[in-house]
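Participant: Kindly return the folded structure for what I paste below:
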Amino acid sequence: MENFVVSARKYRPDTFHSVVGQASITTTLKNAIQRNQLAHAYLFCGPRGVGKTTCARIFAKTINCMHQTAEFEACNECESCTSFNSNRSYNIHELDAASNNSVDGIRKLIDMVRVPPQMGRYNVYIIDEVHMLSQSAFNAFLKTLEEPPAHAIFIMATTEKHKILPTILSRCQIFDFNRIRVDDTVQYLQYIAKQEGVEAEPEALNIIAQKADGAMRDALSIFDQVVSFSNHEITYAKTIEHLNVLDRQIYFQLTEHFLNSRLGESLRLFDQLLSKGFDAQQFITGLSLHLRNLLVGKDPQTLELLEVGAAFASRYKEMGEKCPYDFLVQALMICNRFDANFRQSPNQRLHVELLLIKLSELTQELEKKKIAQPR
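Facilitator: Take a look at the predicted model:
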């Protein structure tokens with residue numbers, strides 16, 4: 001039986017072109033290689049799972065490649081590239097600062113830096129989670145980081161830039177990685193699904209992308225889980241069932257109840273959700289996002305801000321046109337207030353039910369205000 005390799009490793013980008021959602025950073029790095037303007041120290045910052053270590057590896061492999069392509073990518077065929085791809089490169093060293101955070105660990109690194117590369121032009125030192133270094137280790141690293149040998153390049157990665165000493169920051173070129181957009185994540189998941197022979201509904205992939213919250217590694221891990229659960233046929237229904245996500249259809253039903261002041265139906269629907277094990281605060285958060293999507297879908301100029309598939313985008317546009325602007329704005333403000341006070345409430349179910357009461361009465365309150373206004 002063939003060993004299973006998780007998608008996050010199997011489809012890890014190996015060229016700048018294949019990196020998702022970080023075009024400005026990959027373009028800058030390629031231009032630096034093209035012009036031979038390489039800095040001696042780089043700091044890659046950003047949320048987890050957005051490609052910091054991946055870009056560091058690609059950059060390290062490319063600058064040591066013996067036959068770079070016309071686009072200044074690694075050829076993946078020369079001895080330097082093949083040795084890196086098979087994890088036997090002596091030019092590229094990866095260190096985990098979380099487990100090597102003492103002065104002794106940095107001294108070992110400084111001793112390594114003195115040794116010239118056996119192949120290629122540079123020895124590249126990729127230091128992950130660099131914010132975990134102790135202050136004394138940072139101080140021991142300063143001199144080497146400022147004036148390393150010509151053959152040494154340091155690439156440090158961190159999710160917490162604020163924990164790094166300013167003296168370290170001032171010696172590095174800093175690249176801030178962005179969270180990956182939902183659309184970009186969905187497109188990459190579609191590509192992987194095609195490669196793996198998996199049938200996947202766009203709305204299901206959109207749910208996975210939103211659940212990942214901008215982290216591609218998380219999205220790929222969730223994708224593997226859903227593939228196993230759904231037996232290689234990813235549908236919207238199976239995805240929300242496995243991820244315990246509320247069906248958007250529930251929020252559309254609630255909106256109809258709010259517009260028609262049907263409090264009883266709203267309370268019964270919420271009771272059904274609780275009986276299925278859904279979290280009350282998750283319900284409020286989802287309702288706030290739903291109301292935001294209705295407001296965004298109401299205006300053609302903001303319709304592109306919807307982070308949903310085409311099928312639900314048309315639903316939000318249609319429902320948004322039914323909802324008065326004042327209703328959506330007031331409803332969003334009410335949800336935001338109840339969400340902020342949720343944790344302090346001694347009776348959280350009653351807290352959400354009060355929210356539903358306020359939203360169910362909102363249409364009538366707005367009508368009364370209109371009637372009371374002098375003409």
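Participant: residues contacting the residue sitting nearest the centre point of the chain?
Facilitator: The centroid of the chain falls nearest to Gly214 when counting by CA atoms, centre = their mean (1.5 Å). Counting by CB atoms under 8 Å, 6 or more residues apart in numbering, Gly214 touches Pro47, Val50, Asn178, Arg179, Ile180, Arg181, Thr185. The C-beta positions use only the backbone N, C-alpha and C, and glycine is treated the same way.
Participant: Apply 6 Å and report the result again.
Facilitator: Listed by CB atoms under 6 Å, 6 or more residues apart in numbering, the contact set of Gly214 reads Arg179, Ile180.
Participant: Could you confirm it falls within a helix?
Facilitator: No. Assigned with DSSP: H, G, I helix; E, B strand; the rest coil, Gly214 falls outside any helix and is coil.
Participant: Tell me the spacing between it and His162.
Facilitator: Per CB to CB, to the nearest Å, Gly214 is found 19 Å from His162.
Participant: What ranges does the stretch 251-375 of the chain have for its helices?
Facilitator: 263-275, 280-298, 310-322, 325-340, 348-372 (DSSP state H, counting those that start in this stretch).
Participant: Dump these to a markdown table, plus mean pLDDT and distance to Glu129.
Facilitator: Formatted as a markdown table, the helices of the stretch 251-375 of the chain follow (pLDDT from 0 to 100; distance: least, CB to CB, whole Å):
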| stretch | mean pLDDT | distance to Glu129 |
| --- | --- | --- |
| helix 263-275 | 90 | 39 |
| helix 280-298 | 88 | 30 |
| helix 310-322 | 82 | 38 |
| helix 325-340 | 90 | 32 |
| helix 348-372 | 84 | 36 |
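Participant: Asn206: which of these is closest?
Facilitator: helix 310-322 (7.9 Å; CB to CB).
Participant: Show me what counts as buried in the closest one.
Facilitator: For helix 310-322, burial by neighbour count (16 or more other CB atoms under 10 Å) applies to Phe312, Ala313, Arg315, Tyr316, Lys317, Met319, Gly320.
Participant: Can you tell me the closest non-neighbouring residue to Pro47?
Facilitator: Arg179 (5.6 Å; CB to CB, 6 or more residues apart in numbering).
Participant: and the helices of the stretch 251-375 of the chain, which is most packed in?
Facilitator: Most buried of these by mean neighbour count (mean count of other CB atoms under 10 Å) is helix 280-298; its value is a mean of 20.
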